[in-house]
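S.K.: could you look at this predicted model? Sequence included:
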Amino acid sequence: MSQAPGEPGTPAGEPPAVEEEGLPARRDEQPAAAQVVRRGMFGVQDTPDTSGYGLLQVHKRPPVSSEPPYGGYFDTIAQELGGALEAGGLGFSDAIERVVVDRGELTFHVRRERLVAVCEKLLKEPALRFEIFSGVSGVHYPEDTGRELRAVYHLVSVTHNRRLRLEVSAPDGDVHIPSVVSVYPSANWHERETWDFFGIIFDGHPGLTRIEMPDDWRGHPQRKDYPLGGIPVEYRGTKVPPPEERRWYA
């Protein structure tokens, strides 16, 4: 039974950790401060960070891989997906590179050529039933050779009240990942936005065009190698300076 706030063993002013049936504990075992490795952004040190990211906290990177048992319903998802893939002639390791459990979240790192097959099983198998596609976004790790670009998918099962995260990587020299629009039609605009900002080409998408930036915009502005400022804008020839060069008014 959970302790009420203020009882022995519960920090003052902090709600108790709640453990729901079949779910991992919500509160991390380590204090958040122990996981922070960097604060702020853009390397601004001598003046206040006018970018708005001054309070950003960068935490330790998640584990490279997790070993079963994963805890809670995470094991059920892995077992049911493995069984569904085997029934279709695929082994679990043929489709899933690795499994990561971090901060109460389950992530399957999916081989990109198997992404559509995995999504079909996650949607259609009665024991899985991930009906809701919450979105896909991009991540750029320029120092991770061969896996520089990532597409991250968030799925929700209303039937079983479960959440799942998928991650697919592509090298900078071959930025192609299969589209999942045929499985989740709501992925249409999300994939367009990820292409627009990160340059990931979703093969099989019905109309992969820009959705945020102008059609003639050069480059993909959320990649790490894209300049932070100094980009000409359309308002009277004004330029936006990089964050470290912006003036700060006390």
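M.R.: Alright, I've got the coordinates. Here the structure is a predicted model, which means the values were calculated and not measured.

S.K.: mind listing what's buried along the helix or strand harbouring C119?
M.R.: Element membership for C119, per DSSP states H and E: helix 115-124. Buried residues in helix 115-124, counted by 16 or more other Cβ atoms under 10 Å: L115, V116, A117, V118, C119, E120, K121, L122, L123. (Each C-beta comes from the backbone N, C-alpha and C, glycine too.)

S.K.: is it true that the last one touches V183?
M.R.: Yes. In this structure, L123 sits in contact with V183. The criterion is Cβ atoms under 8 Å, and the distance is 5.9 Å.

S.K.: which residues are common contacts for the two?
M.R.: Contact with both L123 and V183 is made by no residue, according to Cβ atoms under 8 Å, 6 or more residues apart in numbering.

S.K.: helix or strand for the most centrally placed residue in the chain, just tell me which one.
M.R.: The centroid of the chain falls nearest to V152 when counting by Cα atoms, centre = their mean (4.2 Å). Using DSSP H and E, the element containing V152 is strand 149-157.

S.K.: from the contact counts, what lies against that strand?
M.R.: Where contact means 3 or more Cβ pairs under 8 Å, 6 or more residues apart in numbering; DSSP states H and E, strand 149-157 is packed against strand 132-140, strand 162-170.

S.K.: run me through the strand neighbours of it, direction for each.
M.R.: strand 132-140 (antiparallel), strand 162-170 (antiparallel) (DSSP bridges).

S.K.: contacts for the last one?
M.R.: With Cβ under 8 Å, 6+ apart as the test, strand 162-170 has contacts from 73, 77, 105-112, 115, 118-119, 122, 130, 147-157, 176-177, 200.

S.K.: same check, this time on the first one
M.R.: Residues outside strand 132-140 that contact it (Cβ under 8 Å, 6+ apart): 148-158, 180, 184, 186-187, 190-191, 193-194, 197-198, 200, 222-225.

S.K.: so for it, mean pLDDT?
M.R.: What strand 132-140 shows for mean pLDDT is 96.

S.K.: restrict it to CA atoms and write it as CSV.
M.R.: The C-alpha trace of strand 132-140 is given here as CSV (Å, rounded to 0.1, in the frame of the first residue of the first chain):
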residue,chain,number,x,y,z
ILE,A,132,-3.2,4.6,-32.1
PHE,A,133,-0.3,6.1,-34.0
SER,A,134,0.7,9.1,-31.9
GLY,A,135,3.4,10.3,-34.2
VAL,A,136,6.9,10.0,-35.7
SER,A,137,9.7,12.4,-35.2
GLY,A,138,13.4,12.6,-36.1
VAL,A,139,16.6,12.6,-34.2
HIS,A,140,20.1,13.4,-35.6
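
S.K.: got the buried residues for it?
M.R.: For strand 132-140, using 16+ other Cβ under 10 Å, the buried residues are F133, S134, G135, V136, S137, G138, V139, H140.

S.K.: of these, which pair is most distant in space?
M.R.: For the buried residues of strand 132-140, the farthest-apart pair by Cβ to Cβ is F133 and H140; their separation is 22.1 Å.

S.K.: on the pLDDT front, check the closest residue to N188 other than its chain neighbours for me.
M.R.: Among residues not flanking N188 along the chain, V181 sits closest, at 5.3 Å (Cβ to Cβ, 6 or more residues apart in numbering). In this prediction, V181 carries a pLDDT score of 98.
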